[in-house]
Structures are given as structure tokens and as C-alpha cells.
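**Student:** I would like the atomic coordinates for the input below:
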Amino acid sequence: MTTSQVKIGFLIPLNNNLEENNSNSKLPIYEGINVLGRNDISVADKRVSRKHVSLIGSVDGSANVVVESSNPVVIRSRDQRIKLCFQEKGGILNGDIVEMIPGNHFFKYVNVDDEKDKTSMQIYQRVSTQETILIQNEEVTLKRKRQIDEDEAYARALQVENGLAFQDDSEAIRHFSVPKDRLPLTFQLLRVKGLPAWANTSSVSIGDVIRGNVLFAVLSNYMVDMDWLLSVCPNLAKISRVLVIHGEGDSTLYHLQKNKPANWILHKPPLPISYGTHHSKAMLLVYPRGLRVVIHTSNLISVDWNNKSQGLWMQDFPWKDQKDQSRSCGFENDLIEYLSALKLPEISINLPVIGNVKIISSFFRRFDYSSAAVRLIASVPGYHNGPNLKKWGHMKLRTILQDCLFEKEFRNSPLVYQFSSLGSLDEKWMAELAASMSSGLADDKTPLGLGKAQIIWPTVEDVRCSLEGYAAGSAIPSPQKNVEKDFLKKYWAKWKAIHSGRSHAMPHIKTFARYNGQNIAWFLLTSSNLSKAAWGALQKNNTQLMIRSYELGVLFLPATIKDGCGFSCTDDHCSFEGRRESSINTQECRTKLVTLCYQGNRKTESTEVIPFPVPYELPPQPYSSADVPWSWDRQYNKKDVHGQVWPRHV
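**Tutor:** Below you'll find the predicted structure:
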């Protein structure tokens, strides 16, 4: 611990009932920088780093807490719980409580009461409570503005340093503009803090998604930071019922169960095969007017929604008319089968639209999905054979693509795999996956043929120079033994995202596609990383597919334009009856999928061009001999943009 001469307060350990454990073990806090970690607070919990937090003490008795660990810290202040992640800062005052790990290791901050320090404390004591609050609010506003300015300046400096100063012709995302009634035909990127405004054109935040009069919500994810989620979407504490389907471990689950709002119901789906996870990232939001379906790539945590390259698709669907209750479509059947596999708990709820209902998988057949602009590609753990062989994973993708016709230009065209975690792979399985992703027919009904795949994966330099520095590598969690297999060298391609402004926003988005230049045959936005656990592996002479994890994605295909895409659950000006006004016969108008860098004609009599905000460059550039793929268990001594090495705590 680094100390100055003036003692300003103490951290007093508390038990789980927030009672003092032992005042003799209180930790003195001095004016200036105080570094605290596992050894200082005498705990054996390895989640607490040796350098866990820095407390910057002021002579007025207040202090700022800066998180130095990859694990978050919580500050309890005036009945609020404020969660801080790596390098985030928060202030503490007399009586505030610090949780070194959320829900664990509680410490109360108390100002010093020694007579010799009273003089230095008088300034603080003379300020009234109201004045203190005004000063704090003003400081927060100024700090927030300064942080935004610093973020943008820092991002621009990185671009110049790496020769990536943006020109108008490289800011393709600036021109990404899709009418509301066409948004379901494409997807959107999430906003990233620290990027110039043009890079966040048409991007979305979680507040753009979870809004309006939600009657019932299903939130499906792997990681759930409840405190952050409620801070950005406070209405989730007021909705009648919120079903949270998660993949959290026991320690976080205990915190969720203990502190969740009364209206939340937690559910972890069964995992029948070892080393599997519930990894799907989706939302089902029931409104008085219908259902919003959201498929995305972000964990429900702050860094995922603010600091990384991520993608999101959503579409709203109306309630079915009484006469259409028995009608269904491929999207509906896929959704219901997937929800059935989750073994959802039965929830009873009174909906103002239809009265008392039981929320089980079949409940979601009450909505009209006939305008669905995508197909669902899901993975469910198990050994799938017989009629179930083609229901899940890469075999589901193969089955859908086999029935699709594509332009002749996609014959033997390349494939791209882009994701954030790499499993333990072999060449046999890579060929199996490529066979599924190369399925489909040309216009003349001949097979498209095998496509050559490239893997877009950040290099060590990409991570080192990213907005987060090496800390971004913790969300690209692939070990050296998986990454540095010789046969993978021919696949590696660069994460280069100048046109979207995201070269330095490391990817957590997962996408798979077939393309030719800037034209896209099909595009998949998914939670699936490149692993057998996510996609499945064929067994028993290709008669059985073994999958370990739950995953969910949306497949975009060129298709005839469908009416009803513009229906909205939250916008009164967009109704299901409001058809697209156009001289084009929508039954004859087909979509053409292109990247943002497409330079062709966007308007023809028979085709509507749909731009996709693919964040990375196509065709991707292969690695050079100097490029090294990122693996998170290697040691990197060259300092990152924040002056850190990796790992930060050895």
C-alpha cells in the first residue's frame, strides 16, 4: 500500500449481514493512492487480485475507487449499488460499503476521527448535505463530459498512430440508413463508447431495444450482470414477470437469487452433456400489440454493450387473428421447438390483452410470424439422430441452404467465419462444417460447390492497440493450444474494420457468411463460436449429431419481399395493416444482400438492395508472416495503450 502522511479513514470488514467483523483488522486509508488486494484484506479468494483496487484519498475524507482487476467491484451508497468494471472509477463517502467481489467481501468506509485529523476534515464538515450533492452532481457531469472528450481524442490518436485516420470514402457506416420497415431484413451494430459519432450511425443501445409497455419479458443469455441491467433498464424491476434464462455458475447465481427483484424468475436449462453451456443471447418481449423477438451477440454486462463490436437483429410480430390460430411457418416452428428444448418453468400471468395465461413454449404460437425476414439456426445439447439429425447446429444450416437458390456468382465462392472463441478443432471437423456452409444450389439447380473458408481473428497487436488494450483479450478466451495448431495457419485473416470505425473495438460479434466481393449469398448472426460444442459434430457414420451447448442465431437469405416487416409494438405510426406503398409488385421484388462497401446500382425494377453493416472488411486480408493470432494464456510484455502488460497479475 502506498501511503501519504495524512490518514483520512478506514475500511472496516463486515460480515454478510453487514455487521462489523473485527474492528482491529480495519485497513487505514491515507491521502493519495492506496493499493489494496488479496494480501491486504486477508482473503484466500483468488477472484480478488493482488492489486484489486486503488483508493485515491482526498484530505476532505472522500475517496475514489479505481478497479484494477478484471473482476468487478460494487459500491453501496445511499441505497444504490453501483457496479464498477476494469479501470472504472467511483466515489465513496463516509458510511459507504465496498464489495470487493459483487456479493462478497464487504468493507465499510469510515472517516478518521482522530483529533489530529479534525482540522483537515473541517472543510468537508462545513459543507451542507445539499451543497455536497450539488457539487457531486456537477463533478459527475464534468467527469462524464471529459471522459467522452478523452475517448474520442484517444480513438482518433489510435487511428492516426496506426495509419488509419479515416477519410470520407472509408466511413461507409455513415451511409448505413435503412427505412424502419426494412430493418428486419438486415441487422444493426451496437454503439461503442470512444468512437467518433459517424462510427455509431444507426447503431443501437439496450435502451433502444427494451422500451415501451412490456407486459412480460424473457431474457436469454450466458452472463447476466443484474445490477448493471437494472441501472440501464429500470423498468425490468416493474414488469409483471421477467424470466431470465442464463448460463451462470454457482457463485454468481447465488448473488442473483439473493438480490433479484421479486418479479424475476431464474432458469438454467438442463445440460445433459459435460462441458456444455447455455450461450444463447435473445429477448422475447410481449407487448399489448404483439411480440418483439431480439437475437444478439452481447452478454448482459456493461463492457459487452459499450466497448466491443457487437450485432443485433429484431423484429416485431402482431397477435394472430382468431381465424389464423392454426397457421404456422418455418420461423414459428423453429422458435417453438427451441423454446420447448429449454424446459421452461410454467409461469402464470394475467395479460390485459387476453387475461390469465400460462407462459410455456406453446404460448408463443399466439403471434403471427408470417412476415419473418429470417430463419432461426439453433443448437440444443444432446445426441441427435433420426428425424432430429437436421434440426440443430450446422445440420440445420445445411438443410435450409440445400433448398435455396443463389446467383451463379456464388459458385465455389469463399466462406468467412468470424467469432470470439475458438474450440479445439481438427481438419476433419473443419471439412464437415465447410460442407454444411457450402450447401445450396445455383440458379441452374447445380450445387454451388465447396467454398474456401477464412477465419477472421484478432492478432496480438489488434488486442494490444484496442480501445480496451489487453483487457479486451479476456473476452477472446481461446488458449494457445487451440489457436496455434499448424493446420489453422492457412485460415487466418485480419480483423480490419476501417469502414465501420471498429478496427480498435474488439469483436464479440459472431458471424458466418458466403460472399463474392461485396455481394452476400447468405449471412448468419449468431451466438455460436467456432467449436464442436456450439455447432455439433457428426458421429456414427454421420447418423448422429452431438451438441454440448445451447446457441441461437438468425440466417439472412435473399428472398421475396414480405409485407408486414414494418409492424411495430412500440411505434403507433407503424401498423401491420400499413403495407409498403410502391409501384413495385412486392411478390416479384427480391432482395439482394450486400456489404456497406457495395458500389453497384441500389435500385432496379425487380431487386431491392439490402445493405448489411458487416463490421469487417471483405474480402479479408490473410495474416502476414509477422502477425500472431491472439491467445489469452500467453504472456505479452510489450505494454498496451494503457501501459499494461498481460497477464496483469502473475
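**Student:** what about the residue nearest to Asn104 when sequence neighbours are not counted, neighbour count?
**Tutor:** Computed as CB to CB, 6 or more residues apart in numbering, the closest residue to Asn104 that is not its neighbour in sequence is Asp45, at 7.0 Å. C-beta: built from backbone N, CA, C; applies to glycine. Residues lying near Asp45 (other CB atoms under 10 Å) number 13.
**Student:** please report how far Asp45 lies from Ile101.
**Tutor:** Separation of Asp45 from Ile101 (CB to CB, to the nearest Å) stands at 7 Å.
**Student:** who touches stretch 556-565?
**Tutor:** Taking contacts as CB atoms under 8 Å, 6 or more residues apart in numbering, the residues outside stretch 556-565 that touch it are 181-187, 315, 318, 368, 370-375, 400, 404, 406, 520-525, 576, 579-580, 586-593, 608, 612.
**Student:** ramachandran angles for the closest residue in space to Arg289 that isn't next to it in sequence?
**Tutor:** Spatially, and ignoring its direct neighbours in sequence, Arg289 is nearest to Cys569 (4.8 Å; CB to CB, 6+ apart). Dihedral pair for Cys569: phi -80, psi -20, per degrees, to the nearest 10.
**Student:** so Cys569 makes contact with Val293?
**Tutor:** No. Counting by CB atoms under 8 Å, Cys569 stays clear of Val293, with 10.3 Å between them.
**Student:** mind listing the shared neighbours of those two?
**Tutor:** Any residue near both Cys569 and Val293 by CB under 8 Å, 6+ apart counts here, and that gives Asp316.
**Student:** more crowded one of these two?
**Tutor:** The residue with more neighbours, out of Cys569 and Val293, is Val293; 25 against 20, by other CB under 10 Å.
**Student:** ok now the one helix or strand that one maps to, how far from the chain's centre?
**Tutor:** Val293 belongs to strand 290-296 when assigned by DSSP states H and E. Relative to the chain's own centre, strand 290-296 is displaced by 15 Å; criterion: CA atoms, centre = their mean, to the nearest Å.
**Student:** now do stretch 8-25
**Tutor:** On the basis of CA atoms, centre = their mean, stretch 8-25 sits 37 Å off its chain's mean C-alpha point.
**Student:** which residues belonging to it are considered buried?
**Tutor:** Residues 8-14 are the ones in stretch 8-25 that count as buried (16 or more other CB atoms under 10 Å).
**Student:** repeat for stretch 354-369
**Tutor:** So, applying 16+ other CB under 10 Å, buried residues of stretch 354-369: 357, 359, 361, 363-369.
**Student:** can I get it in CSV, CA atoms only?
**Tutor:** The C-alpha coordinates for stretch 354-369 follow below in CSV (Å, rounded to 0.1, in the frame of the first residue of the first chain):
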residue,chain,number,x,y,z
ILE,A,354,-56.1,-12.0,-23.2
GLY,A,355,-56.5,-12.5,-19.4
ASN,A,356,-54.9,-15.3,-17.4
VAL,A,357,-52.4,-17.4,-19.4
LYS,A,358,-49.7,-19.9,-18.7
ILE,A,359,-46.4,-18.9,-20.3
ILE,A,360,-45.0,-22.1,-21.8
SER,A,361,-43.4,-22.6,-25.1
SER,A,362,-46.8,-23.1,-26.9
PHE,A,363,-47.9,-19.6,-25.7
PHE,A,364,-45.6,-18.1,-28.4
ARG,A,365,-47.7,-19.7,-31.1
ARG,A,366,-50.2,-16.9,-30.4
PHE,A,367,-48.2,-14.5,-32.6
ASP,A,368,-48.2,-14.1,-36.4
TYR,A,369,-44.7,-14.8,-37.8
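**Student:** give me the neighbour count for Leu555.
**Tutor:** 19.
**Student:** isn't it up against Ala521?
**Tutor:** No. Contact criterion CB under 8 Å: Leu555 and Ala521 do not qualify, at 11.2 Å.
**Student:** report the set of residues contacting both of these two.
**Tutor:** Joint contacts of Leu555 and Ala521 (CB under 8 Å, 6+ apart) do not exist.
**Student:** among the contacts of stretch 556-565, which are in strands?
**Tutor:** Members of the contacts of stretch 556-565 lying in strands (criterion: DSSP state E): 315, 318, 375, 406, 520-525, 590-593, 608, 612.
**Student:** quick check: which of those has the minimum pLDDT.
**Tutor:** When those are compared on pLDDT, Arg590 comes out lowest, with 86.
**Student:** list the contacts for it?
**Tutor:** Contacts of Arg590 by CB under 8 Å, 6+ apart are 558-561, 606-608.
**Student:** if we use 6 Å, what do you get?
**Tutor:** Under the criterion of CB atoms under 6 Å, 6 or more residues apart in numbering, the neighbours of Arg590 are 560, 607.
**Student:** can you pull up the bridge partners for it?
**Tutor:** Here Arg590 sits in beta bridges with Thr560, Thr607, going by DSSP bridges.
**Student:** please renumber so the chain begins at 53
**Tutor:** From this message on, residue numbering opens at 53, which makes the last subject Arg642.
**Student:** SS state for the residue nearest to Asn156?
**Tutor:** coil (DSSP: H, G, I helix; E, B strand; the rest coil).
**Student:** helices of the stretch 153-302 of the chain, residue ranges please.
**Tutor:** Taking DSSP state H, counting those that start in this stretch, the helices of the stretch 153-302 of the chain run over residues 170-178, 181-213, 258-261, 278-284, 302-311.
**Student:** state the distance from Arg654 to Ser255.
**Tutor:** For Arg654, the distance to Ser255 (CB to CB) stands at 21 Å.
**Student:** counting neighbours, go ahead and name the busier of those two.
**Tutor:** Neighbours were tallied for Arg654 and for Ser255 using other CB under 10 Å; the higher tally belongs to Ser255 (20 against 13).
**Student:** surely that one and Arg243 touch.
**Tutor:** Yes. Using CB atoms under 6 Å, Ser255 is in contact with Arg243, at 4.4 Å.
**Student:** OK, contacts around Lys460?
**Tutor:** By CB under 6 Å, 6+ apart, the residues touching Lys460 are 494-495.
**Student:** need the phi and psi values for it.
**Tutor:** Torsion angles at Lys460 (phi, psi; degrees, to the nearest 10) stand at phi -60, psi -20.
**Student:** just to revisit the earlier point, please read off the pLDDT at the residue nearest to Asn156 from the model.
**Tutor:** With respect to pLDDT, Asp97 has a value of 81.
**Student:** check Cys641 too.
**Tutor:** 77.
**Student:** count the residues that sit near it.
**Tutor:** 16.
**Student:** and for Asp455?
**Tutor:** 10.
**Student:** look up how far Pro80 lies from it.
**Tutor:** Noted for Asp455: a distance of 71 Å to Pro80, by CB to CB.
**Student:** try Ala545
**Tutor:** 53 Å.
**Student:** tell me which of the two has more neighbours.
**Tutor:** Set side by side, Ala545 and Pro80 show more neighbours around Ala545, with 22 against 14, by other CB under 10 Å.
**Student:** residue contacts, the more buried one?
**Tutor:** With contacts defined as CB under 6 Å, 6+ apart, Ala545 is in contact with 506, 508, 672, 674.
**Student:** excluding its backbone neighbours, what's nearest Tyr339?
**Tutor:** Cys621 (3.8 Å).
**Student:** can you list the domains in the protein?
**Tutor:** 59-163, 225-623+639-663 (the TED database).
**Student:** rank those by pLDDT, which is bottom?
**Tutor:** Looking at the domains of the chain, the weakest mean confidence is domain 59-163, a mean of 85.
**Student:** from the chain's centroid, how far away is that one?
**Tutor:** Using CA atoms, centre = their mean, the offset of domain 59-163 from its chain centre is 29 Å.
**Student:** end to end on that domain, go ahead and measure it.
**Tutor:** 9 Å (CA to CA, to the nearest Å).
**Student:** now do the helices in the stretch 453-602 of the chain.
**Tutor:** 479-489, 512-516, 532-535, 584-587.
**Student:** could you flag which of the contacts of Ala545 are buried?
**Tutor:** Here, 16+ other CB under 10 Å leaves 506, 508, 672 buried among these.
**Student:** just the closest of these to Gln362, please.
**Tutor:** Distance to Gln362, by CB to CB, is smallest for Ile508 among the buried ones among the contacts of Ala545, at 14.9 Å.
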